[in-house]
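Student: dropping the sequence and predicted coords here.
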Amino acid sequence: MQRHIDKFIRYLEIEKNYSGHTILNYKLDLESFKSFLGSPEPEPDKIDYLTLRKYLAVLKEKNLANRTVNRRLSALRSFFKFLTREGLVKTNPILSLSSPKLEKHLPMFLTEEEVAKLIDSVLPKDERGFRDRAILETFYSTGIRIAELAGLSKDDIDFIGGIVKVMGKGKKERIVPIGDKAMSALRDYFTKRKKESEAVFLNKNGKRITTRGVRNIVDKYIHLAGMKHGVSPHTLRHSFATHLLNRGADLRSVQELLGHANLSTTQIYTHLTTDRLKNVYDKTHPRA
């Protein structure tokens, strides 16, 4: 089994060009399944639907979240699809296995006023303060992911054109606009910064900041601004998408800006605030 897993992982790395984070998750999920199979491990063509049903039952007994269970089954689906294509199994045993249904949660987002309050909670006095302000401004201005922000290099920012080159999931590159306030905050940070580096954002040791470092910074100001429970760094990305749609942006454009592969992923942002709905109702209903 292990040699087949190794071959599949190489396929993800070389042919699918998946990110290191995604590949690690696939490895962990497949290791979990391999552990379930026990010793001696059966050959892939000996694994049938009943075996997979038993594995699903074991996952449910562990009280794992449906999202976690679905992710592990998704890894197996990709694995067995690969094995089928390679001729290592004649029939795909997982095709008939149903995944647990996921609850649909609307993403939490901040109002425009709350975003302004969060960003204004940073009062830059030194290099670190100017960096933190630039991080929040860039987050909200571009809607990029934490890993994308941490991975930014100076050459990725076009200050004249007002655009940023982003390396997204699956190592897919995209171009996103960046607003004047974010560019101004970045210029201020670069002016105050003492250490030269290709990386846009540096930690206290002068090295490229990590995703955990970015998360800790945003969490700090969320706390300082007294934001409501449940607000996270990713909330700024949700807010970015929601505010664009509320102000009339079309869904396809928002999909491109967020770097979503499928429009269905973006459609969750079509929820609108109560004030926006009421405003539309008041303007359009004949008896409002």
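Tutor: Looks like it came in fine. Numbering: from 1, shown residues only.
Student: make it CA atoms for all contacts and neighbour counts henceforth
Tutor: OK.
Student: quick one: the closest residue to residue 143 other than its chain neighbours from residue 161, how far?
Tutor: Spatially, and ignoring its direct neighbours in sequence, residue 143 is nearest to residue 237 (4.6 Å; CA to CA, 6 or more residues apart in numbering). The spacing between residue 237 and residue 161, counted by CA to CA, to the nearest Å, is 22 Å.
Student: now residue 281
Tutor: 39 Å.
Student: please apply the same query to residue 141.
Tutor: From residue 141 to residue 161 the distance is 15 Å (CA to CA).
Student: and the two? Which one has more around it.
Tutor: residue 141 (20 against 9; other CA atoms under 10 Å).
Student: check contacts around that one.
Tutor: With contact set as CA atoms under 8 Å, 6 or more residues apart in numbering, residue 141 has these partners: 177-179, 182, 240.
Student: filter those residues to the buried ones?
Tutor: 177-178, 182, 240 (16 or more other CA atoms under 10 Å).
Student: just those now: which is nearest residue 131?
Tutor: Of all the buried ones among the contacts of residue 141, residue 182 has the smallest distance to residue 131: 11.2 Å, by CA to CA.
Student: burial check on the residue nearest to the closest one when sequence neighbours are not counted, number of neighbours?
Tutor: Leaving out its chain neighbours, the residue that sits closest to residue 182 by CA to CA, 6+ apart is residue 137, at 4.8 Å. Applying other CA under 10 Å, we find 27 residues neighbouring residue 137.
Student: burial measure for residue 152, as a count.
Tutor: Neighbours of residue 152 (other CA under 10 Å): 20.
Student: and if you look at the one 3 residues further on?
Tutor: The burial metric for residue 155, expressed as a neighbour count using other CA under 10 Å, is 12.
Student: what do you get for residue 140?
Tutor: Counted with other CA under 10 Å, residues neighbouring residue 140 total 23.
Student: okay, stretch 183-196 in CSV with CA atoms only?
Tutor: Only the C-alpha atoms of stretch 183-196 are listed here, as CSV (Å, rounded to 0.1, in the frame of the first residue of the first chain):
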residue,chain,number,x,y,z
MET,A,183,-0.2,51.0,-1.0
SER,A,184,0.3,54.1,1.2
ALA,A,185,0.6,51.9,4.3
LEU,A,186,3.1,49.6,2.5
ARG,A,187,5.2,52.6,1.5
ASP,A,188,5.2,53.9,5.1
TYR,A,189,6.3,50.5,6.3
PHE,A,190,9.1,50.2,3.8
THR,A,191,10.3,53.7,4.7
LYS,A,192,10.5,52.7,8.4
ARG,A,193,12.0,49.2,7.8
LYS,A,194,15.6,48.8,8.7
LYS,A,195,16.4,45.4,7.2
GLU,A,196,16.6,44.9,3.4
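Student: state the three-state secondary structure for residue 245.
Tutor: Here residue 245 is recorded as helix under DSSP: H, G, I helix; E, B strand; the rest coil.
Student: do you know how far residue 195 is from residue 203?
Tutor: 11 Å.
Student: of these two, who's got more company?
Tutor: Each of residue 195 and residue 203 has its neighbours counted (other CA under 10 Å); residue 203 has more, 13 against 10.
Student: show me the contacts for the more buried one.
Tutor: Contacts of residue 203 (CA under 8 Å, 6+ apart): 209-210, 213.
Student: quick one: the helices in the stretch 151-288 of the chain?
Tutor: Using DSSP state H, counting those that start in this stretch, the helices of the stretch 151-288 of the chain run over residues 180-192, 211-224, 234-246, 251-258, 263-266, 274-284.
Student: what's the first one in contact with?
Tutor: Pointing back at helix 180-192 there. Residues contacting helix 180-192 (CA under 8 Å, 6+ apart): 126-127, 130-131, 133-134, 137-138, 141, 159, 162.
Student: try 10 Å this time
Tutor: Helix 180-192 is contacted from outside by 124-142, 154, 157-160, 162-163, 193, 196, 200-201, using CA atoms under 10 Å, 6 or more residues apart in numbering.
Student: equivalent analysis for the second one, please.
Tutor: For helix 211-224, contacts defined as CA under 10 Å, 6+ apart pick out 115, 117-122, 131-133, 135-136, 139, 145-151, 201-204, 210, 225, 227-229, 231-234, 236.
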